[in-house]
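>>> 3D model of this:
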Amino acid sequence: MSHFHRPTLLARLTSQPQWDVLVIGGGATGLGVALDALSRGYRTLLLERDDFAKGTSSRSTKLVHGGVRYLAQGDVGLVREALHERGLLRQNAPHLVSNQEFIIPSYSWWGGPFYTVGLKLYDWLAGRRSFGDSRHLSRTETLRRLGNLRPSGLRGGVLYHDGQFDDARLAVNLAQTALEAGGTLLNHCAVTALRKDTTGHLTGVEALDQETGRTYELRAKVVVNATGVFVDEVLRLDEPTARPLVQPSQGVHLVVGADFLPGHCALMIPKTDDGRVLFAVPWQGRVLLGTTDTPLPAASTEPRAQEAEIDFILRTAGRYLTRAPGRADVLSVFAGLRPLAAPIDGTTSTKEISRSHKIIVSESGLLTITGGKWTTYRRMGEDVVDRAILLGRLAPALSRTAQQPIHGAHPTPDHHAPLAAYGTDATALRQLMREQPALAEKLVPEFAFTRAEVVWAARYELARTVEDVLARRVRLLFLDARAASRAAPAVAELLAHELGHDAAWQQQQVAEFTELARGYVL
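Next up is the predicted model:
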């Protein structure tokens, strides 16, 4: 399938004289912009310096949600918009979005009624796209549904519904959808400079293919800076003295065994010591604990959890769980950066900064989008392309993404079934394993991921490195970093065979991945 063939995609960089929309950044926001532009018939190019969803977009809490805590802050508009988008995402990617039950335990007499009322409003705002009604639970039922919850002082709980998804796999599926719609998307291809005419008007970019070292001069009517926490880097290419737009805030997650939260329900602690929300969520056979909200002075591609953040999560979880997780129980630790709007007055309380997105147009015509959240990626893309039309750069056309199925879209009765996340691609994957039985072997004994998935990732999911596969095509690095390191040599060998690399490339890939994975182990 030439859609996914890198040499074919690279050839378009020289054959296409001008693009309608050129998107910098291949995370949730950039992919949303590219898909929206394609849905309106614009010639669209997206360039990602690393890999799709390499940054924040693969490091979320894996929730497609309206944001219960934004409701507490009174941001009803953002919650309503996010709940609407949550419904569209389940409709358009049912293989990746599932209905997850959450329980807020109540240890005070007023907690139950207080949260019940708030969540009834949450249900009401979701309207016909509701995932299910919230309700009060007795103490007995709360303990039955949340294994390992601390019983002393418990009065009951409130159950509500929200969405869960696999963030990086959704990004890969969005990239596939965009390619199948005629778009050109390249990962490992960095924008190194912006090009302007004599009047200072933006005309395109210079890009570097990280694999071959070749540079390309690319012309475009509209250039969109959708680089998340790195928007300021691109803004400085446009205007070296530009004021920073983003204040990075770090969110850390710890992954532990499923026995720390037996059952299917997730735990939500609405108010911790520092006023943050803490989640314990079952995810792919493990439990995700998080998150934090720590202001950072600068963004990096591989953010690291701070000791204080790790201690905070373990300490808070330990207050609510009878058997408390310790450092030795952590299978993987990962950190993501939120691109929050930089405070103008120097305040640093990031949990108060709005999560809604902002679009800025610079004097040169560079369109920059910042803020937002995964759940609203589609709406963000639509808003950016609407703005590009208003600027007069594009012929008006309506967005069609609200009803657009995402690659693999297939309703599944069981999201825990092997290959369920592949949706309609699962049939072809099984066929590949029947044709080559060796590919049906597991990468590591304790996980269901197979060698066939590595081959599939290289052929049809644009994976180019061991990290691309083990971090974002199958989620092994995020589920168990040590197991991921053990899988690395087999993945390198399979990729080398598919992509035409030699033994030296394999060794370098294994060494680089092993070093990376070390940062995910406590």
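
>>> switch to C-alpha atoms for all contacts and neighbour counts from now on
Fine.

>>> then the longest helix seen in the chain to CSV, C-alphas only?
Of all segments of type helix in the chain, defined using DSSP state H, the longest is helix 481-499. Extracted in CSV, the C-alpha atoms of helix 481-499 (Å, rounded to 0.1, in the frame of the first residue of the first chain):
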residue,chain,number,x,y,z
ALA,A,481,10.0,-0.9,30.9
ARG,A,482,12.1,-3.9,31.8
ALA,A,483,10.1,-6.2,29.6
ALA,A,484,10.4,-3.6,26.8
SER,A,485,14.2,-3.8,27.0
ARG,A,486,14.1,-7.5,26.8
ALA,A,487,11.9,-7.3,23.6
ALA,A,488,14.2,-4.7,21.9
PRO,A,489,16.7,-7.1,20.1
ALA,A,490,13.8,-9.1,18.5
VAL,A,491,12.1,-5.8,17.4
ALA,A,492,15.4,-4.4,16.0
GLU,A,493,15.9,-7.6,14.0
LEU,A,494,12.4,-7.6,12.6
LEU,A,495,12.6,-3.9,11.7
ALA,A,496,16.0,-4.3,10.0
HIS,A,497,14.6,-7.0,7.8
GLU,A,498,11.5,-4.9,6.9
LEU,A,499,13.3,-1.6,6.4
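
>>> Residues touching that helix, excluding its own?
Here helix 481-499 makes contact (C-alpha atoms under 8 Å, 6 or more residues apart in numbering) with 331-332, 443-444, 451, 454-455, 458-459, 464-466, 469-470, 476-477, 501-503, 505-507, 509-510, 513-514, 517-518, 520-521.

>>> in a helix, that's where residue 520 is, yeah?
No: going by DSSP: H, G, I helix; E, B strand; the rest coil, the assignment for residue 520 is coil, not a helix.

>>> Surely residue 415 and residue 100 touch.
No: checked against C-alpha atoms under 8 Å, the pair residue 415 and residue 100 is beyond contact range at 10.9 Å.

>>> List the contacts of residue 91.
Contacts of residue 91 by C-alpha under 8 Å, 6+ apart are residue 405.

>>> In PyMOL, select just the buried ones from the contacts of helix 481-499.
Only the buried entries of the contacts of helix 481-499 go into this PyMOL selection, using 16 or more other C-alpha atoms under 10 Å:
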select buried, resi 331+332+443+444+451+454+455+458+459+464+465+466+469+470+476+477+506+509+510+513+514+517+520+521
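
>>> In helices, which of the contacts of helix 481-499 fall?
451, 454-455, 458-459, 466, 476-477, 503, 505-507, 509-510, 513-514, 517-518.

>>> for the strand or helix carrying residue 427, which positions count as buried?
Following DSSP states H and E, one finds residue 427 within helix 426-435. Of the residues in helix 426-435, 426, 429, 430, 432, 433 count as buried by neighbour count, 16+ other C-alpha under 10 Å.

>>> what do you get for stretch 397-406?
Here stretch 397-406 shows 399, 401, 402, 404, 405, 406 as buried, counting by 16+ other C-alpha under 10 Å.

>>> swap in stretch 118-138?
Under the neighbour-count criterion of 16+ other C-alpha under 10 Å, stretch 118-138 has 119, 121-123, 125-126, 129-132, 134-138 buried.

>>> Widest-spaced pair of the residues you listed?
129 and 138 (26.9 Å; C-alpha to C-alpha).

>>> Give me the outermost residue of this structure relative to its centroid.
residue 198 (39.0 Å; C-alpha atoms, centre = their mean).

>>> what angle do the helix holding residue 427 and helix 451-460 make?
Angle between the axes of helix 426-435 and helix 451-460 is 120 degrees (criterion: axes from the mean of the first three to the mean of the last three C-alpha atoms, to 10 degrees).

>>> average model confidence for helix 426-435?
Helix 426-435 shows a mean pLDDT of 98.

>>> packing partners for it?
With contacts taken as 3 or more C-alpha pairs under 8 Å, 6 or more residues apart in numbering; DSSP states H and E, helix 426-435 sits against helix 451-460.

>>> Residue 78: what's it in contact with?
Residues near residue 78 by C-alpha under 8 Å, 6+ apart: 66, 70, 356.

>>> What number of residues are in the vicinity of residue 474?
22 (other C-alpha atoms under 10 Å).

>>> confidence score at it?
98.

>>> Make 251 the first number, not 1, from now on.
Sure, I'll start numbering at 251, so the last one becomes residue 724.

>>> returning to that earlier point: what does the helix holding residue 677 rub up against?
Under C-alpha under 8 Å, 6+ apart, the answer for helix 676-685 is 669, 670, 689, 690, 702, 703, 706.

>>> run the last query once more with 10 Å
Helix 676-685 is touched from outside by 658, 668-670, 672, 686-687, 689-691, 700-703, 705-706, with contacts defined as C-alpha atoms under 10 Å, 6 or more residues apart in numbering.
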